[in-house]
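> can't give you the sequence, but here's the structure:
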């Protein structure tokens, strides 16, 4: 897939929008769009829902792409082994389990 910035660039180009047009739609300036698409800046999580609507995509898919990219970049920057992804999946499952059990506790 590439980075989240490359994903944005690909989807923007599919829509036929320039960086300036896209920036106006998402309410960020053109240099910021360029920085995001070239992986020099991070896209704001607060704009993900708006982005999914602009690209006519399911929000959950866009959110998964966003966090997968963020996690992969951090793991790479810190020279983590491939095992980190398995451990992260286990940790996510653990957190889901704990939260679902806590939701069943009656006071």
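On my side now, so go ahead. None of these values were measured; they are calculated from a predicted model.
> got the phi/psi numbers for the closest residue to residue 44 other than its chain neighbours?
The spatially closest residue to residue 44, leaving aside those adjacent along the chain, is residue 28, at 8.0 Å (CB to CB, 6 or more residues apart in numbering). Yep, even glycine has a C-beta here, placed from its N, CA and C like the rest. Note on residue 28: its backbone torsions stand at phi -140, psi 150 [degrees, to the nearest 10].
> OK, contacts around residue 28?
Each residue near residue 28 by CB atoms under 8 Å, 6 or more residues apart in numbering is listed here: 36, 44, 47.
> with pLDDT and distance to residue 6 added, can I get those residues in JSON lines?
As requested, the contacts of residue 28 are exported to JSON lines (pLDDT from 0 to 100; distance: CB to CB, whole Å):
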{"residue": "36", "pLDDT": "97", "distance to residue 6": "10"}
{"residue": "44", "pLDDT": "96", "distance to residue 6": "17"}
{"residue": "47", "pLDDT": "97", "distance to residue 6": "17"}
